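Enquirer: return atomic coordinates for the entry below.
(chains A and B)
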Amino acid sequence: MLELRNISYTAGDDGGPKEILNGINLTVSERFVAVTGPNGGGKSTLAKIIAGIIRPSTGSIILDGEDITGLGVTERARKGVSFAFQQPVRFKGITVYDLLRLASGRKLTVGEACDYLSRVGMCARDYVNREVNASLSGGELKRIEIATILARGTKLSIFDEPEAGIDLWSFSNLIAVFEKMYEQINGSILIISHQERILEIADKIVVIAGGRIKEQGPRDEILPGLIGGGACGRLAAV
Amino acid sequence: MALDAIQKALLAEIAGLHGVPEGAYNIRSDGKLEGRSTTANIDIVTKSDKPGIDIYIKPGTRNESVHIPVIIEQSGLKDLVYNDFHIGEGADVTIIAGCGINNCGSQDSQHDGIHSFYVGKNARLKYVEKHYADGDGSGERIMNPTTIIELDEGAYMEMDTTQIKGIDSTKRDTRAKVGAGATLIVREKLMTHGRQVSDSEFTIDLDGDDSSANVISRGVARDASRQVLLLRINGNARCYGHSECDNIVMDESFVQAIPEITANSVEASLVHEAAIGKIAGEQITKLMTLGLTEAEAEEQIVAGFLK
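Expert: Sure, this is the predicted structure:
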């Protein structure tokens, strides 16, 4: 279980300090929690704070009763936090297999690597030895990114807009991937998304706007208001 | 021929060999001939006017390989050798060279290898060269390889050259003349650390119509090491030339990449790409989110880059 207590974050830039997040209190104990809200509202910052990439200005992060606020990215990863980037990183020379092996943290057979790729709808044989470089499309990179999270199999998996940069055809496959993940996961998924079809699988929906939690609750309570053009207003039926 | 443990370790590093190789070979150890084997198609002859050997590969020889490793263990040895390769028309062979130095002494050990390749009409050659050194002595480990390449009509040569570890100072000089319809592909991988210095210079003359060359150099400079790379391609006919250098700079290192492309013919088409930069912060962060430490992440990124 993940608990965020009074998380705030103020970024300093040329125009003076800018408040990105303010007093976020959130508990993630459900299997699938979706975070949504307008762009620039602070969602990605929150995800990076949980992964340890950004340090909050105030507040604490508790994972299964342990305060992990002072821990770095590596230590949090080893304690069971996984983070799928909104824009996957490219590497010259590192292959898809290398990345999956590093993600799994063990000796991974090619067969096991192929299995993870198949689960994100990729024809594994064509990809396992490809370099994770600019020769891969945005959609391919996103799916590989999700496969690395599957390979890690940790208790908390965070996805930052997995649908961003994916074409519509890939998108319907992506939904299937998350539906299956929902059935199989042993921990919690925290997913940032604008897509109604992803929100539809969530147990809980959290709406963040202007750096604050605007509303949160079970899907059936929150989703109708969002679709009706309410708080989020950005959701469109797919 | 019996090899001792250090010789075996050096051979494994530079030639992937775990004993005496099969097929044709010539092993030079501390400036002397350690062992040689020839085949029906490949002859190896000691030069009479200067140190070195001539390797003759008969026209039409296929699927054979030649190993010519050099190993140096004697501190203070300055070894100079001329190796000339004559590859007959239509042959298709692999040559594996390499030099390993284990210098535990206080004097400099140096190997200057001058390799010349005469590749006949329509012949194909894959040339693999690996340089490596270790030993904890204060003496420097120096290697200055010179490679001279002449490709006849329709010939094809791939050259893979790697220097990953332990060489204190290197001056690499590669010169090629590419004939009509011939192709040269060079892949260079270089890693320097400590206070090492590497100077690498390529001059490729595309002399014949429809000749082509592709030179790809990847380097990683760590600590306070220095790398200077000059990639020169002269287009003297209807030809295509492409060179690319991609370098990672780390710590206090210095890297200079100097591209030079010259069209001496209006039919020449030449491209150069060069990039120098440190490891992208997001690459390190990504691998850290997989549970690697910062140092482990750097190591994986460098290893992948030089793979």
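
Enquirer: could you pull up phi and psi at the spatially closest residue to residue A:118 that is not a sequence neighbour?
Expert: Using Cβ to Cβ, 6 or more residues apart in numbering or on different chains and skipping the chain neighbours, the partner closest in space to residue A:118 is residue A:124 (5.2 Å). Quick note: C-beta positions are derived from backbone N, CA and C, even for glycine. Dihedral pair for residue A:124: phi -60, psi -40, per degrees, to the nearest 10.

Enquirer: ok, the one 3 residues further on next?
Expert: Its backbone dihedrals place residue A:127 at phi -110, psi -30, with angles given as degrees, to the nearest 10.

Enquirer: hey, where'd the helices end up in the stretch 201-307 of chain B?
Expert: Taking DSSP state H, counting those that start in this stretch as the criterion, the stretch 201-307 of chain B carries its helices at B:281-289, B:294-305.

Enquirer: can you redo these as JSON lines with mean pLDDT and mean neighbour count?
Expert: Output for the helices of the stretch 201-307 of chain B, formatted as JSON lines (pLDDT from 0 to 100; neighbours: other Cβ atoms under 10 Å in any protein chain shown):
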{"stretch": "helix B:281-289", "mean pLDDT": "96", "mean neighbour count": "21"}
{"stretch": "helix B:294-305", "mean pLDDT": "93", "mean neighbour count": "17"}
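
Enquirer: can you lay out those helices as CSV showing distance to residue A:103?
Expert: Listed next are the helices of the stretch 201-307 of chain B as CSV, based on distance: least, Cβ to Cβ, whole Å:
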stretch, distance to residue A:103
helix B:281-289, 9
helix B:294-305, 12
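
Enquirer: if I read this right, residue B:174 contacts residue B:157, doesn't it?
Expert: No. Using Cβ atoms under 8 Å, residue B:174 makes no contact with residue B:157, being 11.5 Å away.

Enquirer: what does the helix or strand hosting residue A:216 contact?
Expert: Using DSSP states H and E, residue A:216 sits in strand A:212-218. Applying Cβ atoms under 8 Å, 6 or more residues apart in numbering or on different chains, the external contacts of strand A:212-218 come out as A:21-26, A:37, A:203-208, A:222, A:225, A:231.

Enquirer: skipping adjacent residues, who's closest to residue A:37 in space?
Expert: Per Cβ to Cβ, 6+ apart, closest to residue A:37 is residue A:208, 4.2 Å.

Enquirer: what's whichever helix or strand that neighbour is part of packed up against?
Expert: Here residue A:208 is covered by strand A:204-209, with elements defined by DSSP H and E. With contacts taken as 3 or more Cβ pairs under 8 Å, 6 or more residues apart in numbering or on different chains; DSSP states H and E, strand A:204-209 sits against strand A:32-36, strand A:212-218, helix A:219-227.

Enquirer: direction included, what does it pair against?
Expert: Applying DSSP bridges, strand A:204-209 is found paired with strand A:32-36 (parallel), strand A:212-218 (antiparallel).

Enquirer: any idea how far it is from the chain center?
Expert: Taking Cα atoms, centre = their mean, to the nearest Å, one finds strand A:204-209 lying 14 Å from the centre of the chain it belongs to.

Enquirer: how about stretch A:95-115?
Expert: 20 Å.

Enquirer: tell me, how many residues neighbour the nearest residue in space to residue A:223 that is not next to it in sequence?
Expert: What sits nearest to residue A:223 in space, not counting adjacent residues and going by Cβ to Cβ, 6+ apart, is residue A:199, at 5.7 Å. As a burial measure, residue A:199 scores 22 neighbours (other Cβ atoms under 10 Å in any protein chain shown).

Enquirer: residue A:199 touches residue A:193, doesn't it?
Expert: Yes. Using Cβ under 8 Å, residue A:199 is in contact with residue A:193, at 6.6 Å.

Enquirer: re the thing from before, residues that sit against both of residue B:174 and residue B:157, list them.
Expert: residue B:149.

Enquirer: on the three-state scheme, residue B:101 is what?
Expert: strand (DSSP: H, G, I helix; E, B strand; the rest coil).

Enquirer: not counting its neighbours along the chain, what's nearest it?
Expert: Residue B:101 sits nearest to residue B:133 (Cβ to Cβ, 6+ apart), 4.0 Å away.

Enquirer: residue contacts, that neighbour?
Expert: B:100, B:101, B:102, B:103, B:141, B:143, B:165, B:166, B:167, B:168.

Enquirer: for chain A, which residues are neighbours of chain B?
Expert: Applying Cβ under 8 Å from any Cβ of the partner chain, we find that chain A lies next to chain B at A:51, A:53, A:72-74, A:77-78, A:81-83, A:85, A:88-89, A:91-95, A:98-99, A:102-103, A:105, A:148, A:152.

Enquirer: switch to 6 Å and redo it
Expert: Proximity of chain A to chain B, by Cβ under 6 Å from any Cβ of the partner chain, involves residues A:51, A:53, A:73-74, A:77-78, A:83, A:89, A:91-94, A:102-103, A:105.

Enquirer: could you identify the most distant pair in those residues?
Expert: A:78 and A:92 (26.5 Å; Cβ to Cβ).

Enquirer: what is the subsequent helix or strand relative to the helix or strand hosting the residue nearest to residue B:101?
Expert: Using DSSP H and E, residue B:133 falls within strand B:124-134. As assigned by DSSP H and E, the chain's next helix or strand after strand B:124-134 is strand B:141-143.

Enquirer: I'd like the mean pLDDT over that next one, please.
Expert: For strand B:141-143, the mean per-residue pLDDT is 85.

Enquirer: same thing with stretch B:219-228?
Expert: 94.

Enquirer: give me the contact list for that stretch.
Expert: Contacts to stretch B:219-228, defined as Cβ atoms under 6 Å, 6 or more residues apart in numbering or on different chains, come from residues B:190-199, B:247-256, B:302.

Enquirer: measure that stretch end to end?
Expert: Terminal residues of stretch B:219-228 are spaced 10 Å apart (Cα to Cα, to the nearest Å).

Enquirer: what are the buried residues along it?
Expert: Of the residues in stretch B:219-228, B:219, B:220, B:221, B:222, B:225, B:226, B:227 count as buried by neighbour count, 16 or more other Cβ atoms under 10 Å in any protein chain shown.

Enquirer: show me the two of these that sit farthest apart.
Expert: B:220 and B:226, at 12.7 Å, using Cβ to Cβ across the buried residues of stretch B:219-228.

Enquirer: flag the shaky bits of the chain, pLDDT-wise.
Expert: Picked chain A for this. A:168-169, A:229-238 (pLDDT under 70).

Enquirer: wait, chain B
Expert: Scanning chain B for pLDDT under 70 picks out B:1-2, B:17-21.

Enquirer: give the bridge partners for the residue nearest the centre of it, please.
Expert: Taking Cα atoms, centre = their mean, the centroid of chain B lies closest to residue B:161, which sits 2.7 Å from it. Counting by DSSP bridges, residue B:161 forms beta bridges with residue B:129, residue B:188.

Enquirer: what sits against the residue in the stretch 1-150 of chain B that chain A sits nearest to?
Expert: Nearest residue of the stretch 1-150 of chain B to chain A (Cβ to the nearest Cβ) works out as residue B:130 at 17.8 Å. When contacts are counted by Cβ under 6 Å, 6+ apart, residue B:130 touches B:14, B:98, B:162.
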